[in-house]
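structure of the sequence below:
(one chain, ligands or ions: 2)
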Amino acid sequence: MKRNLQNQKTLWDSTMGVAATLVLWPLIVSVPLMLQHTYANIFQSGWYAYQQKPKPLGLCLGLLAVAVGQTFVLCYQYVRWTKSKYAGKLVPVQPNEYRLYDYAEAAQEHLSQPEGFAVIGCYLTCTWMLHLMPSSYYSFEGGVAWSKVAACLLIQDFLQYVMHRAEHKVSKSLYRASHEPHHKFTNPRLFDAFNGSLTDTLLMIVLPLFATKSIVHCNVWTYMAFGTLYANWLCLIHSETHHPWDCVFQACGLGTAADHHVHHKLFSYNYGHLFSYWDRLCGTYRHPQNVRQFRKNHKDPTQWKPHKQKKIFSFNK
Ligand SMILES: [Zn+2]
Ligand SMILES: [Zn+2]
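Numbering: from 1, shown residues only. Ligands and ions are numbered 1, 2, ... in the order given. Prediction:
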């Protein structure tokens, strides 16, 4: 009987996991998916026709796409935070430490951090309105080109890998001035994704974005799909619990919460965020199964405490 109940629970968990995966990811890209073929029926052509002068509609829709994706991610996280049965079974990435937090407080802190969405929003607004984007980005024709979305994600993640590793390794003063604040979270939660410093966001996110847009020439829908996938995926890999899609992502070399927790725990592995390819190529990849701290130690879990900054340096020596 007990065994049957366990089987039933597993089936329910799997069903909820598959449902969450199939619903959440399309919702993250819902704005470009819905508008790419219907925009001409909704907006006047004068609002989007490209005539050598940037118009704000594409920018506004892009910001809306990320905001809508983020809203669905926050709803998904809320269901998990409440431990609702509809979240399926939740498995902590780090089973030996628990981290309690108030959802509303954490969400408010996450959304209001100036080094997060505010800085990236300013960058997007300036580059768009000052016409610093290649002209293809202002085009509404053609719908989402998924091969270019993939190229943008791969290039952005590679450049972010390089900048991330440089912030760790070039000098202690650079590390201290840029990336150290993000590393106080040795057991991060989803809401810690953009909790760091302005310099860190500029070096690791904004500079790579500026380079990526010059390398891959997208239209507005492709840029929108890339932007919302990128921003929301960065949040998801900081989750304190495994996602239902993580086993498939792990097998394909796509970034998971466990992979990124390895970086937050050990500092010197898994510099990539969205993919593990760069770490595997450069010999800096550590599989989460090979991290002692991520295996259950059969003691009662202890409450996580932020990392003391000075210890980071003694660890790196
Ligand atoms: Zn992180
Ligand atoms: Zn780091």
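
could you give the number of residues near Phe275?
Taking other C-beta atoms under 10 Å as the neighbour definition, Phe275 ends up with a count of 19. All C-beta spots, glycine's among them, are computed from the backbone N, C-alpha and C.

OK, contacts around it?
The neighbours of Phe275, taking C-beta atoms under 8 Å, 6 or more residues apart in numbering as the test, are 153-154, 157, 253-255.

now do it against Leu154, distance only.
7 Å (C-beta to C-beta, to the nearest Å).

got it, and His264?
Applying C-beta to C-beta, one obtains 23 Å for the distance of His264 from Leu154.

who has more neighbours, those two?
Using other C-beta under 10 Å as the criterion, His264 and Leu154 rank with His264 on top: 20 against 16.

contacting residues for that one?
By C-beta under 8 Å, 6+ apart, the contact list for His264 reads 183, 185-188.

using the three-state scheme, assign it.
Following DSSP: H, G, I helix; E, B strand; the rest coil, the label given to His264 is helix.

follow-up on the earlier one: with secondary structure and distance to Leu27 added, can I get the contacts of His264 in a markdown table?
Converted to a markdown table, these look like this (DSSP: H, G, I helix; E, B strand; the rest coil; distance: C-beta to C-beta, whole Å):
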| residue | secondary structure | distance to Leu27 |
| --- | --- | --- |
| His183 | helix | 31 |
| Phe185 | coil | 27 |
| Thr186 | coil | 31 |
| Asn187 | coil | 28 |
| Pro188 | coil | 23 |
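
can you pick the most crowded of these?
Highest neighbour count within the contacts of His264: Pro188, with 26 neighbours (other C-beta under 10 Å).

picking that back up, would you point out the most distant pair within the contacts of His264?
His183 and Asn187 (11.6 Å; C-beta to C-beta).

can you give me the strands in this structure?
Counting by DSSP state E, the chain has strands at residues 97-98, 302-303.

from Cys152, how far out is Phe72?
The value you get for Phe72 to Cys152, if C-beta to C-beta is used, is 21 Å.
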